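Asker: Next comes the sequence, and after it the predicted model I'd like to discuss.
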Amino acid sequence: MLDVRLPDGDGMSVCREIRSAMPQVACLMLTSFGDDDAFFDAIMAGAAGYVLKQIRGTDLVGAVRTVAAGR
């Protein structure tokens, strides 16, 4: 799980690096910004999922399980 915006960079770059080095690793992006550009950037970076920080705890667990299962 990666935050889209990090204090010293951005999660999109980290996602790209992870996916490039280890394509079998799935990244779930977490953000407080629900704009279409950030969503598109996450998908282009190789993210398997994208959730907003306002998500309920049970839904977040479900998102993590979904991504971990390859869906």
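Answerer: In hand now; what should we look at?
Asker: Hmm, residue 38 is touching residue 4, no?
Answerer: Yes: counting by CB atoms under 8 Å, residue 38 touches residue 4, with 5.7 Å between them. (C-beta placed from N, C-alpha, C; glycine too.)
Asker: Could you tell me which residues touch both of the two?
Answerer: Residues touching both residue 38 and residue 4 (CB atoms under 8 Å, 6 or more residues apart in numbering) are residue 31.
Asker: Name the residue in the two with the higher neighbour count.
Answerer: residue 4 (22 against 19; other CB atoms under 10 Å).
Asker: Could you pull up phi and psi at that one?
Answerer: When quoted as degrees, to the nearest 10, the phi and psi of residue 4 stand at phi -60, psi -40.
Asker: List the residues that contact the most centrally placed residue in the chain.
Answerer: Nearest to the centroid of the C-alpha atoms of the chain, with distances taken as CA atoms, centre = their mean, sits residue 29, at 1.6 Å. Contact partners of residue 29, counting by CB under 8 Å, 6+ apart, are 1, 2, 3, 4, 11, 12, 15, 42, 47, 49, 50, 51.
Asker: Alright, calling it a day.
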